[in-house]
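Peer 1: coordinates only, sequence not included:
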């Protein structure tokens, strides 16, 4: 059973987001906000993960991400260790560029090789090939 609840659908027009001023006294995220963000992440109809630090530590994945990469341990591992088949593909270049520039970076119809089991880059019987539109945001 997922650890999230579906969000109600709204028909209200979208409003631009305001950037709140973060102060040292404020926690980075309140527990309710953290829960809401995780709920949204789990409902997005795209393969998504949240990464942290220069090693791109996997902190959160959604259901589609887990389906693509199988039921292996991902959370708490550096991305290169968790998904060795991604090494040598465009994903790490996009992540590095987003971190270097502070701006989102996108790949369009990039060849993607994925595996539901841990496999060295681009080898093994469980590798599937598809096109991906990766996005890396700092």
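Peer 2: The structure has been received and is ready for your questions. What you are looking at is a predicted structure, and each value in this text was computed from that prediction instead of being measured.
Peer 1: so residue 58, which of the three states?
Peer 2: Three-state assignment for residue 58 (DSSP: H, G, I helix; E, B strand; the rest coil): strand.
Peer 1: my read: it touches residue 72, true?
Peer 2: No - Residue 58 is not in contact with residue 72 according to C-beta atoms under 8 Å; the separation is 10.9 Å. C-beta: built from backbone N, CA, C; applies to glycine.
Peer 1: Which of these two has more residues huddled nearby?
Peer 2: residue 58 (22 against 13; other C-beta atoms under 10 Å).
Peer 1: what's near enough to touch the more buried one?
Peer 2: 49-51, 74-79, 82 (C-beta atoms under 8 Å, 6 or more residues apart in numbering).
Peer 1: What separation do you get for it and residue 30?
Peer 2: Here the criterion is C-beta to C-beta, to the nearest Å. By it, residue 58 lies 23 Å from residue 30.
Peer 1: swap in residue 75?
Peer 2: On the measure of C-beta to C-beta, residue 75 and residue 30 end up 22 Å apart.
Peer 1: What's the mean pLDDT across stretch 48-56?
Peer 2: For stretch 48-56, mean pLDDT rounds to 90.
Peer 1: mind listing what's buried in it?
Peer 2: Residues of stretch 48-56 classed as buried: 48-49, 51, 56 (neighbour count, 16 or more other C-beta atoms under 10 Å).
Peer 1: Show me where this structure has its helices.
Peer 2: Secondary structure of the chain (DSSP state H): helices located at 31-43, 63-69, 79-82, 91-101.
Peer 1: Include mean pLDDT and mean neighbour count when you put these into JSON lines, please.
Peer 2: Below are the helices of the chain laid out as JSON lines (pLDDT from 0 to 100; neighbours: other C-beta atoms under 10 Å):
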{"stretch": "helix 31-43", "mean pLDDT": "82", "mean neighbour count": "14"}
{"stretch": "helix 63-69", "mean pLDDT": "84", "mean neighbour count": "17"}
{"stretch": "helix 79-82", "mean pLDDT": "91", "mean neighbour count": "17"}
{"stretch": "helix 91-101", "mean pLDDT": "90", "mean neighbour count": "16"}
